[in-house]
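Trainee: Got a sequence here, can you model it:
(4 chains)
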Number of protein chains: 2
Amino acid sequence: MMQLDKIVGYHKALADPTRVRILILLADGELTGQALAEKLCLSPATVTHHAAKLRAVSLINERRDKNAIFFSLNMYFLKQYAGAMQRLFDRPTDELKENEPMDEKNERLKQSVLRNFITSEGRLKHIPAQLKKKRIVLEYLAEQLEPGRSYKEKEINEFIQQFHPDFATIRREFIMHAYLFREQEIYERNPRDMWEKWETLT
Amino acid sequence: MMQLDKIVGYHKALADPTRVRILILLADGELTGQALAEKLCLSPATVTHHAAKLRAVSLINERRDKNAIFFSLNMYFLKQYAGAMQRLFDRPTDELKENEPMDEKNERLKQSVLRNFITSEGRLKHIPAQLKKKRIVLEYLAEQLEPGRSYKEKEINEFIQQFHPDFATIRREFIMHAYLFREQEIYERNPRDMWEKWETLT
DNA sequence: TATCTAATTAGATAATTATCTAAATAAAGA
DNA sequence: TCTTTATTTAGATAATTATCTAATTAGATA
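Mentor: Numbers count the residues shown, from 1 in each chain, chains lettered A, B, ... in the order given. From the prediction side, this is the model:
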C-alpha cells in the first residue's frame, strides 16, 4: 500500500481550492506567508496549515530571510507527479502494437543499443542521435547513480567522465530528458517512476 | 473560478484510496459494480458512491449489459488532466533566469527559431536538435491542428507532410513531447491547456 | 533587554465525506 | 406476474479537515 498512499497524498494536496490558489500565486514568484494570507484573505495560521500540506508532498520550497519565510513553487515535483500519473495506467497498449510482445521487443532493442554504444570497457562511444536510443543510453547511465542521493555538480561531472569526456553535453542531456534533477547547485537522480507499478498492491 | 473548480474537482476524485484502487483495477479491464465491491471488500452502495465521483470528472465510462453495469477506465481524460497539470505552471520562470523580462525574451526566441527553421513557403527545414527550440517548432506545428478533433494516423501523416517528408519522426516527436495524444489508432491534439491560464481567477 | 514582526501551534467549530444498512428501482428470466 | 440479481437512493454515523482566534515561538532591531 506504499505507493497508493503517495498517489493519494499528492492528490489530496491539490484537492483544495486554497492550496491550488497558493500554487498559482507562487508560480509568479516567491511570496511570504504574510503576503499569501493577504492575497487570499485568510489568517496567517491558515496559510501555515496549507503550507504544511504542500510541503509534505514537496510542492513548495521555503527559505528564510530575516524573520520572514518565502515560499516558492517546486515545479520539479509537480511535473514529476503529473508525468508519473500520465504513465501510471500505461499498460500493454503502449507504443504501436506489434505482433510480438512489446516488452521483449524493447528489451532486445535496449540490449542492441547498449552493445552498439557502450565499449567493452564500459565507456560511451557517443550519444545516439535518435531519441529512443538516446533515452536508452541515458537511462542506462542514470541507473548507475544512487537514487535519493544528492550530487554536487563536480561529482556529477566526475561521474559522467567515467563514461565520456564531454560531461557538459551529457549533463545537459540528463536534465533535458529528466533523468537528472537540478535544484540550486545540487543534482539528484530522477526516480524512474515516482510510484511504480501496482502488481503487488491491488 | 471556473477552471479552479475543475482542477480541484479532478484532484478530489483521485484524493481517495478507494477510488484510486478502483482505477487500478479497471486498468486491467472493465468490471461490474458487484465485482468491484467484492474485490475491494465494500458494499455495492459504496462502489456506487465512488463511481459517481469518478464519472463526474470523466475518469470512468460505463455500459449496461443485461442488468449489470460494466465500468471501465477512461484513459483519455486521465492523460489529459495529467498532461494539463504538467504544463499548468509553465511560466516566465522557465529555464535559467535572466535580467530581461522572460516573456519578451521567449517571444523573440520563438520568432527567431521559427524564422530559422520554417521556410518562406511554410515548410519545416528540419527539427531543431536543441530541446527548447524543438519545442517551439513542435508547438507551432501542433497549433495548426484543430483542438478537440480526432485524426486517423493517415490524416496525421498527411498533415505533417505539408511541412516535412519525414512524418514518422515528427509524429513520434509529437507524442514524446505530449503535443499529440494517441488512443488506440486515433490521434488528437493535446489542448494547449485543459484548464487555461488563471489571470482572471486568482 | 525589550520590542517588533512574522510564523507556528493549540484548541474549537463547522463542513465535508466515506462508509454502512435498509429500502427502492431496474432489468431478466421463470 | 413473481422472483432473482444488480444497482441506486436515503439516511445515519464517524472521521477528516478548513478555518478561525488566541497564545507561543523565532529572529531582528532598537
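
Trainee: who's in contact with A:Leu141?
Mentor: A:124, A:160, A:163, A:170, A:174, A:179 (C-beta atoms under 8 Å, 6 or more residues apart in numbering or on different chains). Quick note: C-beta positions are derived from backbone N, CA and C, even for glycine.

Trainee: Could you do A:Leu26 as well?
Mentor: Counted by C-beta under 8 Å, 6+ apart, A:Leu26 has contacts A:60, A:71-73.

Trainee: repeat that for 6 Å
Mentor: Residues in contact with A:Leu26 (C-beta atoms under 6 Å, 6 or more residues apart in numbering or on different chains) are A:72-73.

Trainee: And the pLDDT for it?
Mentor: With respect to pLDDT, A:Leu26 scores 93.

Trainee: Let me see the domain layout of chain A.
Mentor: Annotated domains of chain A cover A:2-76, A:91-201 [automatic domain parsing].

Trainee: tell me which element A:Gly83 falls in.
Mentor: Assessed by DSSP states H and E, A:Gly83 sits inside helix A:75-88.

Trainee: follow-up on the earlier one: could the domains of chain A go into JSON lines alongside distance to DNA strand D?
Mentor: Listed next are those as JSON lines, based on distance: least, C-beta to the nearest atom of the strand, whole Å:
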{"stretch": "domain A:2-76", "distance to DNA strand D": "3"}
{"stretch": "domain A:91-201", "distance to DNA strand D": "19"}
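
Trainee: so how far is A:Ala45 from A:Ile136?
Mentor: Distance, A:Ile136 to A:Ala45, using C-beta to C-beta, to the nearest Å: 50 Å.

Trainee: sorry, back to before: any idea which of the domains of chain A scores lowest on pLDDT?
Mentor: domain A:91-201 (a mean of 71).

Trainee: follow-up on the earlier one: looking only at neighbour counts, state which of A:Ile136 and A:Ala45 leads.
Mentor: A:Ile136 (20 against 9; other C-beta atoms under 10 Å in any protein chain shown).

Trainee: who are the neighbours in contact with that one?
Mentor: A:110, A:113.

Trainee: Mind checking what secondary structure it has?
Mentor: Following DSSP: H, G, I helix; E, B strand; the rest coil, A:Ile136 is assigned to helix.

Trainee: Then A:Val20?
Mentor: helix.

Trainee: Going by residue numbers, what spans are helices in chain A?
Mentor: With helices called from DSSP state H, chain A shows them at A:2-13, A:17-26, A:33-40, A:44-56, A:75-88, A:102-117, A:131-142, A:153-161, A:167-176.

Trainee: now, of the domains of chain A, which is deepest in the fold?
Mentor: Of all the domains of chain A, domain A:2-76 has the most neighbours on average by mean count of other C-beta atoms under 10 Å in any protein chain shown, namely a mean of 17.

Trainee: any residue of that one up close to DNA strand C?
Mentor: Yes. Judged by C-beta under 7 Å from any atom of the strand, domain A:2-76 and DNA strand C are in contact via A:32-34, A:37, A:44-45, A:47-49, A:51-52, A:62, A:67-69.

Trainee: thinking again about what came up before, then the helix holding A:Gly83 to PDB, C-alphas only?
Mentor: Written as PDB, here are the backbone C-alpha positions of helix A:75-88 (Å, rounded to 0.1, in the frame of the first residue of the first chain):
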ATOM      1  CA  MET A  75       7.800  22.900 -10.200                       C
ATOM      2  CA  TYR A  76      10.000  19.800 -10.300                       C
ATOM      3  CA  PHE A  77       7.800  17.700  -8.200                       C
ATOM      4  CA  LEU A  78       4.700  19.000  -9.800                       C
ATOM      5  CA  LYS A  79       5.900  17.800 -13.100                       C
ATOM      6  CA  GLN A  80       7.100  14.600 -11.700                       C
ATOM      7  CA  TYR A  81       3.800  13.800 -10.200                       C
ATOM      8  CA  ALA A  82       1.800  14.700 -13.300                       C
ATOM      9  CA  GLY A  83       4.200  12.900 -15.500                       C
ATOM     10  CA  ALA A  84       4.000   9.800 -13.400                       C
ATOM     11  CA  MET A  85       0.200   9.900 -13.500                       C
ATOM     12  CA  GLN A  86       0.300  10.100 -17.300                       C
ATOM     13  CA  ARG A  87       2.400   6.900 -17.300                       C
ATOM     14  CA  LEU A  88       0.700   5.200 -14.400                       C
END
